[in-house]
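Enquirer: okay, sequence plus prediction incoming.
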Amino acid sequence: MVAQVGEVHRLAREYGDALFLKSGWSNPLGNIYADASDEDIEDAGKRIPAEDGLWLTVFDKSVIRVPHAARLITFAEERFSRPVKDVEEAITMLCEADGWRPDSYPEQLFVSEGREIVMYSE
C-alpha cells in the first residue's frame, strides 16, 4: 500500500509543478510529501519500540518563498565565511547549523507560504 501512496504523491506533485509553471502562482499541491517520506513511513513501522516508549516519525514541512535569492546567498556566505553557490546550498547550510527555523532569520529572507507537521507513531 505504501508504494501506491508514494506513486499518488509523486503524480500529485508533478501536477502541482505543472500548475505552478503554467500559472506562475504558488503550488497548491506543494505540501504533498516527497517519495523519501513515504519510504521513511514504511521503515518506521519496522522499528521496535523501547520498553517504556515508542517510536515517532515527525515530518515538519514548510513551504517558503525566497523573494531575494542574492540576499539569502550573501547572508549564508557572511554567516559561514565561505562561498555559497545557490539558494539550495544556503538553505541546506542553515538547516544543518540551526535546524529548520525560518522565523529565526532576518525578515525578508523567507516568506512562509505554509507549514504542516505530521506525526506517525508505532
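Expert: Received, thanks. Please read all numbers here as calculations on a predicted model, not as lab measurements.

Enquirer: C-alpha from now on. contacts and neighbour counts both.
Expert: Noted.

Enquirer: buried residues, stretch 62-71. List them.
Expert: When burial is assessed from 16 or more other Cα atoms under 10 Å, stretch 62-71 yields the following buried residues: 62, 69.

Enquirer: what does that stretch contact?
Expert: The contact list for stretch 62-71, computed with Cα atoms under 8 Å, 6 or more residues apart in numbering, reads 30-31, 72, 86-87, 108-116.

Enquirer: farthest-separated two in the residues you listed?
Expert: Using Cα to Cα, these span at most 25.4 Å, a distance reached by D86 and E116.

Enquirer: let me see the ranges of the strands in the protein.
Expert: Taking DSSP state E, the strands of the chain run over residues 56-65, 111-121.

Enquirer: and T74, how far is that from V8?
Expert: Distance from T74 to V8, counting by Cα to Cα, to the nearest Å: 38 Å.

Enquirer: neighbour count winner among those two?
Expert: More crowded of T74 and V8, by other Cα atoms under 10 Å: T74, with 17 against 14.

Enquirer: ok, what's across the strand from Y120?
Expert: T57 (DSSP bridges).

Enquirer: and it, how far from W55?
Expert: Y120 is 8 Å from W55, where distance means Cα to Cα.

Enquirer: the two: which has the busier surroundings?
Expert: Comparing Y120 with W55 by other Cα under 10 Å, the one with more neighbours is W55, at 15 against 12.

Enquirer: for the more buried one, give me the pLDDT.
Expert: pLDDT, W55: 75.

Enquirer: neighbours of the spatially closest residue to E116 that is not a sequence neighbour, just the number please.
Expert: Nearest residue to E116 in three dimensions, chain neighbours excluded: K61, at 5.3 Å (Cα to Cα, 6 or more residues apart in numbering). K61 has 16 neighbouring residues, counting by other Cα under 10 Å.

Enquirer: kindly report the same for I73.
Expert: If we define neighbours as other Cα under 10 Å, then I73 has 21 of them.

Enquirer: picking that back up, can you put the strands of the chain in TSV and add distance to F80?
Expert: Formatted as TSV, the strands of the chain follow (distance: least, Cα to Cα, whole Å):
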stretch	distance to F80
strand 56-65	22
strand 111-121	22
